[in-house]
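Student: The sequence and its predicted three-dimensional model are supplied below.
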Amino acid sequence: MSASPRIPMVRCRLDGPLDMSARLVRYVPLEAFGLWQHLMETRHRRQVTVEGVSEWVPEETLVEAVADFESEALEPVLRVSFEQPAPVGLAAVVERFFPVETYPEALGALLSHFQMVSKVLATPGYFVAVRQAADV
């Protein structure tokens with residue numbers, strides 16, 4: 001489970017009460033966004049609003065990756081990964097991205113959907129704006 005240097009990412013927001021605004025932000029890898037959005041809107045009946053398309057950059061590579069960006073453009077986001085046992089002795093890798101400010105609550109909610117999780121790894125990084133939301 002090594003960290004990829006840069007991961008194309010969509011920053012979006014689920015519909016919900018304004019007082020829960022921070023809890024409604026989601027970071028979804030671009031490659032899975034279409035399927036994730038379809039699931040949220042059809043199965044869970046939640047409206048998804050795209051706020052930006054960017055990249056997630058691990059903290060350890062931040063200096064070389066974003067030297068031209070201002071610190072206001074950096075949003076702290078943790079990459080969380082763990083293995084979930086699967087049939088026939090295989091393991092499926094689960095990976096999600098959480099805003100740092102909601103991490104403890106979000107991690108608890110995520111882990112409640114899994115059994116026998118092994119070694120949760122949280123990699124610090126940042127969502128760095130590089131493209132406009134209309135590019136999705």
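Tutor: Happy to help now that I have it.
Student: Surely residue 77 is within a strand?
Tutor: Yes. The assignment for residue 77, made by DSSP: H, G, I helix; E, B strand; the rest coil, places it in a strand.
Student: measure the closest residue in space to it that isn't next to it in sequence to residue 91 for me?
Tutor: Nearest non-adjacent residue to residue 77, counting by CB to CB, 6 or more residues apart in numbering: residue 127, 4.9 Å away. The C-beta positions use only the backbone N, C-alpha and C, and glycine is treated the same way. Noted for residue 127: a distance of 28 Å to residue 91, by CB to CB, to the nearest Å.
Student: Between these two, tell me which one has more neighbours.
Tutor: residue 127 (23 against 12; other CB atoms under 10 Å).
Student: The one helix or strand the more buried one maps to packs against which elements?
Tutor: Per DSSP states H and E, residue 127 falls inside strand 118-131. In terms of contacts (3 or more CB pairs under 8 Å, 6 or more residues apart in numbering; DSSP states H and E), strand 118-131 is packed against strand 48-58, helix 62-65, strand 74-85, helix 103-111.
Student: Can you flag the weakest of the ones you listed by average pLDDT?
Tutor: Ranked by mean pLDDT, the helices and strands packed on strand 118-131 end with helix 62-65 at the bottom, a mean of 64.
Student: need the helices and strands packed on strand 118-131 in CSV with distance to residue 121 and mean neighbour count, can you?
Tutor: As requested, these are arranged in CSV below (distance: least, CB to CB, whole Å; neighbours: other CB atoms under 10 Å):
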stretch, distance to residue 121, mean neighbour count
strand 48-58, 12, 19
helix 62-65, 18, 13
strand 74-85, 5, 18
helix 103-111, 12, 14
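Student: This completes my enquiry, with thanks.
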